[in-house]
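Participant: take a look and give me a structure for this.
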Amino acid sequence: MEEPDPQRSAEAAVAAWARSGAMALTGPADGPGLGPPAPLVPRLGAVAEHLAHRTAQLGRLVDVDPLALLAERAAVAGLRRRGQVSCGGATRLLRAADGWLAVSLARPEDVELLPAWLAQPVDGDDVWPVVAATVRERPADELASRARLLGLPVGALPAEPPSPPTAPAPLVPLPCRATLVADAAPVASLEDLVVVDLGALWAAPLAGALLADAGATVIKVESTSRPDGARRGPAVLFDRLNAGKRSVALDLRAGDGRRALTDLLARADVVLEAARPRALEQLGIRAEDLLRGGRPRVWASITAHGRTGEAANAVGFGDDAAVAGGLVAWDGDAPCFCADAVADPVTGLVAAAAALDALATGGRWLLDLALSATAAHLAGPTLPVPAGTVAADPTPPPDRGRAPALGAHTTDVLAELGVRS
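Facilitator: Numbers count the residues shown, from 1 in each chain. Model (predicted):
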C-alpha cells in the first residue's frame with residue numbers, strides 16, 4: 001500500500017480548514033488567516049468518524065462536519081478573527097515575563113477579582129492596559145496558579161502541549177479519563193434511553209444535541225433561579241444546541257427541587273454535566289455513588305482542567321482552556337487564538353463520542369473530560385497556508401427547529417419518570 005504523502009495531507013487539512021470558516025476566525029485581524037495546528041483536522045475527523053460509527057450502530061446516523069461546528073457560533077454572532085483577542089472579545093493573550101497567558105474577563109466577578117490576583121489596584125473602565133503591564137513583569141505559571149486559587153479563568157500557554165489522558169481499553173482511546181465504576185451489559189439501541197443534560201453554554205449542550213440527533217431522549221434540566229446563560233444569547237445558537245430536547249426547570253434552592261433532581265439522575269442512562277464537582281456535592285449528589293447504585297450507565301463530566309486534585313476547583317472557558325492545552329495558531333513568534341472558544345465545541349464532540357462508546361462497550365463509566373485536555377490532543381505546530389488559499393466565511397448552523405421554553409415539560413417528564421415533585 002502506498003504511504004500517504006505528508007505534504008499532500010497537510011495541504012488537504014488546510015484546504016478543509018479554509019472551507020469550514022475556521023480560518024476566518026484564526027489569525028491577526030489585519031492579516032491573512034492562519035492554518036490549523038497540524039494534528040487538529042485529522043484527529044477531530046477521527047472523532048467525528050467514530051461518532052458516526054456508533055450512532056449508526058445504536059440509533060440514527062449522525063454525520064457531522066467537525067470543523068464547521070467550530071464556526072457556528074461565530075456565524076450567528078458575526079464574529080471574526082482578532083489575533084490575540086478572542087473572537088468574542090472577552091479573553092486576551094498577554095505576554096508574561098517568561099511566556100504567554102490567556103486571561104478571560106467574561107464575567108463581572110472576573111474584573112472584581114483583578115486587584116486580588118495582581119495584588120494592586122485596578123481601576124477605570126478599561127482595565128486591560130493595567131493587566132497587560134502587570135502580567136508582563138511576572139512569570140506565567142505563577143500568575144496562572146494564583147488565578148486558579150481565586151477562581152479566575154486564566155491559562156498559561158505551555159512550551160509544549162501537555163500529554164492528554166487517554167480512555168483505557170476496551171474504550172476507544174479518546175482524550176478523556178474514564179473510570180469503570182460497576183458492571184453493566186452493553187446497550188444495543190438508544191431507543192428509550194434517557195439522557196439528562198445539566199450543562200450550559202456550549203460543550204455539554206452540544207453533546208446532548210448530538211445524542212438527541214442519534215435517537216436518545218434528552219432532558220435539559222435547568223435551575224429556575226439560574227437558567228442556562230445561553231438563553232440570553234443569539235436564539236439561533238440556543239436552538240441549534242437545544243432543539244429536540246425536553247425542558248425541565250427545578251428550584252434547586254428548595255429541598256423539593258433538589259430531591260427531584262436526585263431522583264431524575266437516578267432514572268437517567270446518561271448524565272452530561274459541566275459543573276465543578278463541589279457544586280453538585282453541595283446538592284448532595286456524587287457521581288460515583290449514583291453509578292455504584294445502578295444508574296446511570298455513563299456520567300460525562302466536563303470541566304475546565306479535570307475533576308480531580310487542585311484542578312477540580314479551577315474555572316475556565318473555551319478560549320483560555322484551549323491556550324492552557326497549547327491549542328493556538330502561531331503568527332511567527334506570536335500566538336493567536338485558534339478559532340472561536342475552540343475547546344468548547346471539540347470537547348462537546350468528544351463527550352458525545354465517548355458516551356456512545358461507553359454505552360456500546362458496557363459497564364458503568366465515569367468520564368472525566370477536561371477542556372484543556374481535549375485542546376492538548378489537537379495542539380501542535382501551525383500548518384502553513386499555500387498562496388491563494390481563500391478563507392470562507394463561517395456558516396450558520398442548520399435549522400433544527402426551536403428549543404423549548406424554560407420548564408416547558410417539567411410536569412410531564414417528572415410524572416412519566418415517576419419522580420417526586
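Participant: in this protein, which residue is most central in space?
Facilitator: A centroid search over the chain (CA atoms, centre = their mean) returns D344, at 2.6 Å, as the residue closest to the centre.
Participant: list the contacts of it.
Facilitator: 201-203, 206, 317-318, 371 (CB atoms under 8 Å, 6 or more residues apart in numbering). Any C-beta I mention is one placed from the backbone N, CA and C, and that applies to glycine too.
Participant: now L101
Facilitator: Applying CB under 8 Å, 6+ apart, the residues contacting L101 are 93-95, 135, 140, 143-144, 154-157, 323.
Participant: re earlier: and the furthest pair within the contacts of D344?
Facilitator: Across the contacts of D344, no pair lies farther apart than L206 and F317, at 14.5 Å, counting by CB to CB.
Participant: show me the contacts for the residue lying closest to A300 once chain neighbours are set aside.
Facilitator: Closest residue to A300 in three dimensions, ignoring its sequence neighbours and counting by CB to CB, 6 or more residues apart in numbering: L367, at 4.5 Å. The neighbours of L367, taking CB under 8 Å, 6+ apart as the test, are 167, 176-178, 298-301, 351, 354-355, 358.
Participant: of the residues you listed, closest to G215?
Facilitator: Nearest to G215 among those, with distances taken as CB to CB, is A355, at 13.4 Å.
Participant: now the closest one: phi and psi?
Facilitator: The phi and psi torsions at A355 (degrees, to the nearest 10) take the values phi -60, psi -40.
Participant: pLDDT wise, what is it at?
Facilitator: Turning to A355, the model gives it a pLDDT of 98.
Participant: quick check: it vs L280, distance?
Facilitator: 18 Å (CB to CB, to the nearest Å).
Participant: looking at those two, which is more packed in?
Facilitator: Each of A355 and L280 has its neighbours counted (other CB atoms under 10 Å); A355 has more, 30 against 19.
Participant: what's that one in contact with, if anything?
Facilitator: By CB under 8 Å, 6+ apart, the contact set of A355 is 207, 211, 270, 272, 298, 300, 367.
Participant: roughly how far does it sit from P386?
Facilitator: 38 Å.
Participant: what does H50 give?
Facilitator: The spacing between H50 and P386, counted by CB to CB, is 30 Å.
Participant: which one of these two has more residues nearby?
Facilitator: When neighbours are counted by other CB under 10 Å, H50 and P386 differ, and H50 comes out ahead with 19 against 12.
Participant: please report how far that one lies from D399.
Facilitator: 26 Å.
Participant: can I get the contacts of L101 in JSON lines with neighbour count and pLDDT?
Facilitator: Written out in JSON lines, the entries for those read as follows (neighbours: other CB atoms under 10 Å; pLDDT from 0 to 100):
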{"residue": "L93", "neighbour count": "22", "pLDDT": "98"}
{"residue": "L94", "neighbour count": "20", "pLDDT": "98"}
{"residue": "R95", "neighbour count": "15", "pLDDT": "98"}
{"residue": "V135", "neighbour count": "22", "pLDDT": "97"}
{"residue": "A140", "neighbour count": "22", "pLDDT": "97"}
{"residue": "L143", "neighbour count": "23", "pLDDT": "97"}
{"residue": "A144", "neighbour count": "23", "pLDDT": "96"}
{"residue": "V154", "neighbour count": "29", "pLDDT": "97"}
{"residue": "G155", "neighbour count": "33", "pLDDT": "97"}
{"residue": "A156", "neighbour count": "22", "pLDDT": "97"}
{"residue": "L157", "neighbour count": "22", "pLDDT": "98"}
{"residue": "V323", "neighbour count": "32", "pLDDT": "98"}
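Participant: looking at those residues, which are in strands?
Facilitator: Taking DSSP state E as the definition of strands, those contribute 93-95, 154-156.
Participant: quick one, strands of the stretch 301-421 of the chain?
Facilitator: The residue ranges that make up the strands of the stretch 301-421 of the chain, judged by DSSP state E, counting those that start in this stretch, are 328-331, 334-337, 364-370.
Participant: and those, which is most packed in?
Facilitator: strand 364-370 (a mean of 26; mean count of other CB atoms under 10 Å).
Participant: alpha carbons of that one, in CSV - could you do that?
Facilitator: Taking only C-alpha atoms (Å, rounded to 0.1, in the frame of the first residue of the first chain), the coordinates of strand 364-370 have been written out as CSV:
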residue,chain,number,x,y,z
ARG,A,364,-21.0,2.0,34.2
TRP,A,365,-18.4,4.7,33.4
LEU,A,366,-17.3,8.0,34.9
LEU,A,367,-15.9,10.1,32.0
ASP,A,368,-13.7,13.0,33.0
LEU,A,369,-13.5,15.4,30.1
ALA,A,370,-11.3,18.5,30.5
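Participant: pLDDT wise, what is the residue nearest to the centre of the chain at?
Facilitator: Note on D344: pLDDT of 98.
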